[in-house]
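>>> Structural data only, the sequence is not supplied:
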């Protein structure tokens, strides 16, 4: 399997991307195509023993960064690592694309070079969210701020396939985020999408409230991109806040401080549960190609894990499953 | 000062409400008017020594519960404790109303009997949210799922006054919840409200992301009722989830378990930071009267604290300040 790595994408590129790419090639035994400035990448690669690995550099002279108009930038910066990387997937020269670069840029380049799966109205960023039962798939987490009910239905379909193919969940339960559990609670959009989801072939369980998400009530949690983004980022902020409060309280007396010292390994393990580097990347669902987006702050481990997500998406046949499911529902 | 307590409202009424009312009368030295079924309340009151306290019962034969159509219920159940209680405020016989009953019912009864402050388009539930810098005021947290930009501006104005009068914040900073910090990020609604807030007299600091809320970036956080509700309930669920994960990890080895035992007082203090019983109640801002709503699961302590919130709202002159601020802005 050959996976394209946008070696110029992310806050710690190209050091972290090249290191993560080397690790991924070693760990997963696959071919990693590093796209970016050849000289830069060659000198980074010189730091590693790559003799037994399948690594390849494809030159791209430009970088798609935090652009004001990502769609315009993707169309004009045709020699950017994102566009060149997507073209390798489009031409069948690689099975998947991974980037920890600006997510708006990845989406623009993906729409521009790979396009949508026929029938899909909008692609969506999906995220694997930790719950007390394991994980759930949350989408959209930022691609579409103003949604239509039909798009939310499609997010439910794509999320279900993701949960099935990548997380191994049988008949995943699907919920829609609302401000109350009863049918009829929610915005006009939520109420309309509720009816579409209810009438679909999905295992729809109705509204889920904020508190139900970490409790694992639904395997797939559908919402618009603004609310989804708030859910993800609030969780990040709240984890920091809560662990900060606990740490401060522990340090406030010698006895609790001793307890905290002894319990430290437990805290480290707990922190890992919510650590984005463990997940590495989220699929941009609905694009006609496997596109995985990593956190901008990704370190080498996160990059490696993100390439692992790409590998599992290819092996699981996620893309084909989404197209087939859409044909079944006649959407 | 005389405060009306809906003695029939909440999951633990009338035991918790009567006990909380007794405690509040004692702690704050104010007069508490218990509204509900006279016989029930008299027999509950018999459990306490109330000889030195100002407590009064006003009879109401009905209870406004989780009704399918709260607005209709408020209009037809005219002898419900909520409607009778609101009427005492309306007639000037009490300065504030507190209930831990169904929030939709409280809002319907408040709109029906007290109405809105002239100029206010929609009332909003506001919540004091803990942050690493202290607290912020978050609104709307559930009264309005589909909002207009102008309502969000008014939420900003009301939240600012709340932060100033009840939390003592000078020139509170106001942010609007969005999926990115840059101007131009967000839904059509957020972008429109952004411009209105920017043009207002408020200390507007722009968009805030989910992670910024617990970090205390803004003193007042404006959002629609669906997103606000998700923020509050997700925080509740996530706190439970995270402390659950930490507890599980601590118990997994004898050494960390010992550490956990020693650190237990610190955990208890940390838990209090996010404990709703410490806050007790949130004002229904925009109603022409001081109306405080408590959590349905309120225990006696939460009821007492909720009555304390009502007291501070009256003392701070919150109601008058909101009307005056609206006149200033010509809304």
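The structure has been received and is ready for your questions. Small disclaimer: the values here were computed from a predicted structure and weren't measured. Residues are numbered from 1 along each chain as shown, chains lettered A, B, ... in the order given.
>>> all contacts plus neighbour counts: C-alpha atoms, from now on.
Fine.
>>> Residues in a beta bridge with the residue positioned nearest the centre of chain A, which ones?
Centroid-nearest residue in chain A: residue A:282, 1.3 Å away (criterion: CA atoms, centre = their mean). Counting by DSSP bridges, residue A:282 forms beta bridges with residue A:293.
>>> Around residue A:150, count how many other residues there are.
18 (other CA atoms under 10 Å in any protein chain shown).
>>> try residue A:272
For residue A:272, the neighbour count with other CA under 10 Å is 11.
>>> How about the secondary structure of it?
Put simply, residue A:272 is helix when judged by DSSP: H, G, I helix; E, B strand; the rest coil.
>>> Tell me which stretches of the stretch 1-150 of chain A form strands.
With strands called from DSSP state E, counting those that start in this stretch, the stretch 1-150 of chain A shows them at A:2-6, A:31-36, A:55-59, A:96-99, A:124-131, A:134-139.
>>> what mean pLDDT would you report for the fifth one?
Meaning strand A:124-131. Strand A:124-131 shows a mean pLDDT of 90.
>>> which other helices and strands contact that strand?
Counting contacts by 3 or more CA pairs under 8 Å, 6 or more residues apart in numbering or on different chains; DSSP states H and E, strand A:124-131 packs against strand A:134-139, helix A:212-215, strand A:282-285.
>>> The ones you listed into CSV, with extra columns for mean pLDDT?
As requested, the helices and strands packed on strand A:124-131 are arranged in CSV below (pLDDT from 0 to 100):
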stretch, mean pLDDT
strand A:134-139, 94
helix A:212-215, 95
strand A:282-285, 91
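>>> Distance to residue B:264 added to these, as TSV?
Listed next are the helices and strands packed on strand A:124-131 as TSV, based on distance: least, CA to CA, whole Å:
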stretch	distance to residue B:264
strand A:134-139	26
helix A:212-215	24
strand A:282-285	37
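>>> Ok, which of these comes nearest residue B:237?
Of all the helices and strands packed on strand A:124-131, helix A:212-215 sits nearest to residue B:237, with 6.1 Å by CA to CA.
>>> Helix or strand next in line after the closest one, which one?
The helix or strand immediately downstream of helix A:212-215 is strand A:220-222, counting by DSSP states H and E.
>>> Determine the set of other helices and strands touching that following strand.
Looks like strand A:220-222 contacts strand A:134-139, helix A:149-167, strand A:173-177 (3+ CA pairs under 8 Å, 6+ apart).
>>> do you know which of those lies nearest chain B?
Nearest of these to chain B, taken as CA to the nearest CA: strand A:173-177 at 7.9 Å.
>>> Would you give the sheet partners of that closest one, along with the direction of each?
If you go by DSSP bridges, strand A:173-177 pairs up with strand A:203-208 (parallel), strand A:220-222 (parallel).
>>> Give me the buried stretch members for the last one, please.
When neighbours are counted by 16 or more other CA atoms under 10 Å in any protein chain shown, the buried residues of strand A:220-222 are found to be A:220-222.
>>> residues in contact with that strand?
A:136-140, A:152, A:155-156, A:159-160, A:163, A:172-177, A:208, A:213 (CA atoms under 8 Å, 6 or more residues apart in numbering or on different chains).
>>> try 10 Å this time
Counting contacts by CA atoms under 10 Å, 6 or more residues apart in numbering or on different chains, the residues outside strand A:220-222 that touch it are A:126-129, A:135-141, A:152-163, A:172-178, A:190, A:193, A:203-204, A:207-208, A:212-213, A:228.
>>> Throw the strands paired with strand A:173-177 into a markdown table and include mean pLDDT, thanks.
A markdown table is the format used below for the strands paired with strand A:173-177 (pLDDT from 0 to 100):
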| stretch | mean pLDDT |
| --- | --- |
| strand A:203-208 | 98 |
| strand A:220-222 | 98 |
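>>> Indicate which one of the ones you listed is closest to residue A:116.
Closest among those, using CA to CA: strand A:220-222, at 19.4 Å.
>>> any idea how far that closest one is from the chain center?
In terms of CA atoms, centre = their mean, to the nearest Å, the centre of strand A:220-222 is found 14 Å from the chain centre.
>>> following that strand, which helix or strand comes up?
Next along from strand A:220-222, by DSSP H and E: helix A:225-251.
>>> what about residue A:264, distance to chain B?
In this structure, residue A:264 and chain B are 7 Å apart, going by CA to the nearest CA, to the nearest Å.
>>> which phi and psi does that residue have?
In terms of degrees, to the nearest 10, the main-chain angles of residue A:264 are phi -50, psi -40.
>>> List the contacts of the residue nearest to the centre of chain A.
Shown in contact with residue A:282 (CA under 10 Å, 6+ apart): A:98, A:124-128, A:137, A:141, A:291-295, A:306, A:309-310.
>>> From residue A:106, how far out is it?
Residue A:282 sits 12 Å away from residue A:106 when distances are taken as CA to CA, to the nearest Å.
>>> Residue A:130: neighbouring residues, count only.
18.
>>> Quick check: the gap between residue A:227 and chain B.
6 Å.
>>> Burial check on that residue, number of neighbours?
Per other CA under 10 Å, the neighbour tally for residue A:227 reads 27.
>>> Thought residue B:190 was touching it, still the case?
No: judged on CA atoms under 10 Å, residue A:227 makes no contact with residue B:190 at a distance of 11.9 Å.
>>> Where does pLDDT dip in chain A?
Where chain A drops to pLDDT under 70, the residues are A:66-68, A:273-277, A:328-331.
>>> Following the record's annotation, map out the domains of chain A.
The record's domain parsing of chain A by automatic domain parsing lists A:1-120+A:286-331, A:124-278.
>>> Just give me how far the shortest one sits from the chain centre.
For domain A:124-278, the distance between its averaged C-alpha position and the chain's averaged C-alpha position is 13 Å (CA atoms, centre = their mean).
>>> okay, how far is it across that domain, tip to tip?
Domain A:124-278: ends 21 Å apart by CA to CA.
>>> Stretch A:56-71 now?
Distance across stretch A:56-71, first residue to last, is 28 Å (CA to CA).
>>> Please report the distance of the closest residue to chain B within the stretch 1-150 of chain A from residue B:187.
Closest contact between the stretch 1-150 of chain A and chain B, by CA to the nearest CA, is at residue A:145 (5.0 Å). Residue A:145 is 5 Å from residue B:187, where distance means CA to CA.
>>> With neighbour numbers in mind, choose between those two.
More crowded of residue A:145 and residue B:187, by other CA under 10 Å: residue A:145, with 22 against 18.
>>> residues contacting residue A:42?
Residue A:42 sits next to A:18, A:34, A:36, A:56-57 when contact means CA under 10 Å, 6+ apart.
>>> out of those, which are buried?
Neighbour-count burial (16+ other CA under 10 Å) is assigned, among those, to A:18, A:34, A:36, A:57.
>>> now that we're looking at the second one, how far away is residue A:27 from it?
For residue A:34, the distance to residue A:27 under the criterion CA to CA works out to 16 Å.
>>> before we move on, what about the third one?
When distances are taken as CA to CA, residue A:36 and residue A:27 turn out to be 22 Å apart.
>>> next one: phi and psi at residue A:280?
Torsion angles at residue A:280 (phi, psi; degrees, to the nearest 10) stand at phi 90, psi -40.
>>> Which residue, neighbours along the chain excluded, lies closest to residue A:164?
residue A:170 (6.0 Å; CA to CA, 6 or more residues apart in numbering or on different chains).
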